[in-house]
Structures are given as C-alpha cells and as structure tokens.
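Model the structure of this input:
(one chain, ligands or ions: 1)
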Amino acid sequence: MKTEEPHAHPARLSRRELLLATASAAALGAAALARAADSPTPAAAAGAAAAAPSPKAPTGPFSLPALPYADNALDPVISSNTLGFHHGKHHQAYVDNLNKAVAGTPYAEMPLEAIIAATYGVPDRTAIYNNAAQHWNHSFYWRSLKAQGGGEPPAALKQRIEAVFGSVDACRKELLSAATTQFGSGWAWLVQEGDRLAVIKTGNADAPLRGGQRPLLTIDVWEHAYYLDYQNRRVDYVSGVLGKLIDWGFAAGNLGPA
Ligand code: MN
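Below is the predicted model of the structure:
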C-alpha cells in the first residue's frame, strides 16, 4: 500500500543516536543495530532521499529507524496495513514518548541501552523505561524479519541450535510455544547465554539485556503486531513468521563469543 502519510517516510537513526548507541561498549545488541543502520536498504535510501523532516518530527535525541524493507515486503504474513500502523504509529509513539520523557533530564544525554539499564525496576522511571525498551525491542524486531525469510539458519547458528534443541524444527517449536504461551503482551526471543542458546519470553516491554543474555532474534506478540491480519489467532501469525519471515542470518550475526 502506497501512502503519503508521514509515517511512510520515517527518518533513519540520527547520526547522534548512532554515535550514542555505538559508544556503549557494554551494550548487547547495539552493534547489530548500528551495523544495520549503516547499511541502507533501498527502502532506507528512499527514506533518506525524502530528507525533509516531517513537520510532526519530534525534537529529541531519538528517532524512528526506517524499516529495512518496503512496507508491503512481508505480505501476506504481515500486511502493509499492519506494518504501517505498527511501525509508523506504535513504534513512532514509543520514540515520541521517550523523547518527551527524557527532555530536560540526564537521560537525554545517555545511550538507549544505558537508559534501559538505569531505569529498569525504578518505580518513578517506569514511563522512560517502557518507552526506551519498546524503542529498542521494535528496532530489533524489524531486523529479525525479512522478505523470503524462514528456511534454514547459516551453518554456524544451525550447529548451535542443534546442540541445544536437537534440530532447527525443535527450536522453531520452542519459539512458537514461547510466543503463544506468553500471557498478554510481550516478546519471544532466541538468546545466547554463555555458550548455550535458549528460547525465552518476556512480558510487556522487557528485553533480555541483563543477566548475561544476548538477544539473537525476537518476535513481537503484542496484539498490535498481528490483530489486523489474524484477530486473536496469535499461533497463525507466529507460525507464518517462523516459516516465511524469520531472518536466521540476522540471528547468526548477533552470535557472540561462546
Ligand atoms: Mn509492537
């Protein structure tokens, strides 16, 4: 679906945001996000060419990253309608609310992952934490998918999967189970813990950025990720993602030293 709505031309990560992200040496996953943002796809290049910032663009340190594919690239598993709302409205709102929440605070000068770490579990910082974590999670989720995804992982990742789950199919089943048994809103993840891989689920905005876990890929199981296409059939959405969209190459690129 082509549209002239502002959300069809999201700004790429700002240079400042990239610098902030890459400055955090301890930050898990930041390098992957930065690498992704450094490699503009045709969709990102088109967005950059549109250059002029939207009059509604928020002022603040954080900006909505362009999708790494066209908004109809994941159709029919994820329709352009769903992707347009999810990226252009939901993710944009997390970015806008984060910018508002950090304005005039020391968090405005901190890398995204440092904000997430500093506000986790702090009662009067819940709004900052939730919006920061959701900005991180969604940026990671877009990269966890691709058109003509699915299939078999690259050899290095496949061996690590087989060592733990027995087979790639068993790993897919674990991800499907985690995604469909997460009660309410949340995320299903493939993570690395030391030399072992694991499938986990998190509620609401939480991401596996603590406790020695390194996220490899994620699936958003908030209703807004699938309701327009599947209504309540979360299992059909997740099955479609695992079969046709999941980007095992992205997950392999996020593997760290054992
Ligand atoms: Mn979402």
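
Which residues of the stretch 101-250 of the chain lie near the ion?
Taking C-beta under 5 Å from the ion, the part of the stretch 101-250 of the chain that reaches the ion is made up of 220, 222, 225. Yep, even glycine has a C-beta here, placed from its N, CA and C like the rest.

Of those - the most surrounded one?
Counting neighbours by other C-beta atoms under 10 Å, residue 220 leads these with 27 neighbours.

from memory it sits against residue 185, does it?
No: using C-beta atoms under 8 Å, residue 220 is not in contact with residue 185, being 9.0 Å away.

just to revisit the earlier point, can I get the residues of the stretch 101-250 of the chain next to the ion in TSV with pLDDT?
TSV is the format used below for those (pLDDT from 0 to 100):
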residue	pLDDT
220	98
222	96
225	96
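
Identify those among those residues that sit within helices.
Using DSSP state H, no member of these falls in helices.

tell me which of those is nearest to residue 127?
Distances from residue 127 to these, taken as C-beta to C-beta, are shortest for residue 222 (17.4 Å).

Contacts only, for the closest one.
185-186 (C-beta atoms under 8 Å, 6 or more residues apart in numbering).

do that again at 10 Å, thanks
86, 90, 134, 137-138, 182, 184-187, 204-205, 234 (C-beta atoms under 10 Å, 6 or more residues apart in numbering).

now residue 200
Contact analysis of residue 200 by C-beta under 10 Å, 6+ apart lists 174-175, 178, 182, 187-191, 193, 208, 213, 215, 218.

quick revisit: mind putting the residues of the stretch 101-250 of the chain next to the ion into CSV with distance to residue 241?
Output for these, formatted as CSV (distance: C-beta to C-beta, whole Å):
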residue, distance to residue 241
220, 9
222, 13
225, 9
